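1. Show me how the following folds:
(one chain, ligands or ions: 1)
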Amino acid sequence: MATKGLMQRLNEDPVICAEGYLFEMERRGYLQAGAFVPEVVVEHPEVVRQLHRDFAHAGSDVMEAFTYYAHREKMRLIGREEELENINRQALRIAREVAEEYGCLLAGNICNTNVYEPDNAASADAVRAIFTEQVQWAVDEGADYIVAETIAFAGEAAIALDVIKQVGMPAVVTLAAHRTGRLRDGLSVAEACKMLEKNGADVVGLNCARGPDTMLPLLEEIASVCTVPLAALPVPYRTTPSEPNFQALTDPCHAHPSDERPFPTHLDPMTCTRMEIADFTKRATEIGAAYLGVCCGAGPHHIRAMAEALGRRPPASRYSADMSKHYALGDDPSFKGHNLEYGQEL
Ligand SMILES: [Zn+2]
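-> Residues are numbered from 1 along each chain as shown. Next comes the predicted model:
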């Protein structure tokens with residue numbers, strides 16, 4: 001198993017944690033958009049194992065167990081509640097297997113429950129129960145730490161953090177800032193992160209919802225008030241001030257029927273290039289982000305670009321582009337003049 005823990009690694013160097021398993025599995029044809037439940041874990045475990053390997057190969061330091069939305073509320077929604085424990089343990093075991101292969105950390109994962117309501121004690125109890133069982137399974141299966149992610153209520157994030165701290169694990173808490181840039185219970189993301197830091201979070205920050213350009217200003221606000229390591233895991237989409245989150249994006253080239261937004265399955269034209277992810281990596285680390293990754297929409301190529309922007313050469317860098325070997329655009333001395341001239345016309 002990995003010898004250095006999360007906090008020791010963060011002390012020495014940024015840590016990359018690939019996310020976005022849900023969207024990548026959907027793209028590969030193994031997961032249904034809408035409910036977004038990771039049934040693939042029990043239906044095609046070999047596909048999940050391979051995606052973990054792809055991300056490790058591309059430079060992720062962490063294997064995050066694919067338990068996103070494998071919680072009681074979502075499993076109930078699709079009529080598979082009785083398989084709840086099995087899907088969680090399976091996801092953790094697959095991630096652990098690949099983490100051991102590559103010397104990565106294993107992160108347990110909990111996320112937005114969609115049953116939280118501010119000032120409703122019964123909903124807070126339901127949320128706590130959902131998190132408690134998932135965190136316990138992650139502890140049982142040998143997680144090194146727990147990520148609570150994509151949470152849009154400060155109150156729900158506080159419950160997640162409390163449950164993680166009860167088992168004595170390092171806690172990474174990342175909030176989702178949707179269109180308004182504020183949490184749904186009114187706090188700014190900076191206020192919420194400060195509260196989480198005070199309550200004992202080891203890493204705080206943002207994941208999902210926002211692309212690089214509209215996440216960076218919020219990261220600056222958090223960095224100005226928090227001292228624990230800052231997490232920055234945007235979606236790889238070209239969000240803008242007027243469309244700051246990927247759910248709000250419109251497609252500049254194709255009109256969609258008014259009732260059909262590009263989110264979630266027609267976002268391809270707005271996807272960030274590797275260069276844009278490399279640029280984000282540099283800007284985020286300048287702000288002080290140390291826990292980095294890419295969320296929904298990420299492919300292994302984005303993770304490799306992130307790793308290389310940090311000066312690393314993950315195994316996948318063996319295949320990073322070398323256009324000097326291109327017959328018409330390269331410069332190998334053996335290349336034919338007529339091809340190189342034709343290169344000007346390509
Ligand atoms: Zn996401």
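2. Counting neighbours, what do you get for the residue of the stretch 101-250 of the chain found nearest the ion?
-> Nearest residue of the stretch 101-250 of the chain to the ion: Cys208, at 3.2 Å (C-beta to the ion). For glycine as for every other residue, the C-beta is placed from the backbone atoms N, C-alpha and C. Look at Cys208: counted by other C-beta atoms under 10 Å, it has 29 neighbours.
3. mind checking pLDDT for it?
-> Here, the pLDDT recorded for Cys208 equals 98.
4. which other helices and strands contact the helix or strand where Leu10 lies?
-> Assigned by DSSP states H and E, Leu10 falls within helix 6-12. Using 3 or more C-beta pairs under 8 Å, 6 or more residues apart in numbering; DSSP states H and E, no helix or strand is in contact with helix 6-12.
5. Can I get that helix in CSV, CA atoms only?
-> Provided in CSV are the C-alpha atoms of helix 6-12 (Å, rounded to 0.1, in the frame of the first residue of the first chain):
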residue,chain,number,x,y,z
LEU,A,6,-2.3,12.3,2.2
MET,A,7,-1.1,15.1,4.5
GLN,A,8,2.6,14.1,4.2
ARG,A,9,2.3,14.1,0.4
LEU,A,10,0.5,17.5,0.4
ASN,A,11,3.3,18.9,2.5
GLU,A,12,5.8,18.0,-0.1
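6. quick revisit: residues in contact with the residue of the stretch 101-250 of the chain closest to the ion?
-> 19, 149-150, 174, 176, 233-235, 295-296 (C-beta atoms under 8 Å, 6 or more residues apart in numbering).
7. let's see it at 10 Å
-> 19-20, 22, 68, 111-112, 149-152, 174-178, 215, 233-235, 245-246, 294-297 (C-beta atoms under 10 Å, 6 or more residues apart in numbering).
8. What residues does the chain have near the ion?
-> 208, 295-296 (C-beta under 5 Å from the ion).
9. how about a cut-off of 8 Å?
-> 19-20, 22-23, 149-150, 176, 207-209, 233, 235, 295-297 (C-beta under 8 Å from the ion).
10. between those, which is nearest Gly311?
-> Nearest to Gly311 out of those is Leu233 (C-beta to C-beta; 19.7 Å).
11. Pretty sure that closest one sits against Met215.
-> Yes: using C-beta atoms under 10 Å, Leu233 is in contact with Met215, at 8.6 Å.
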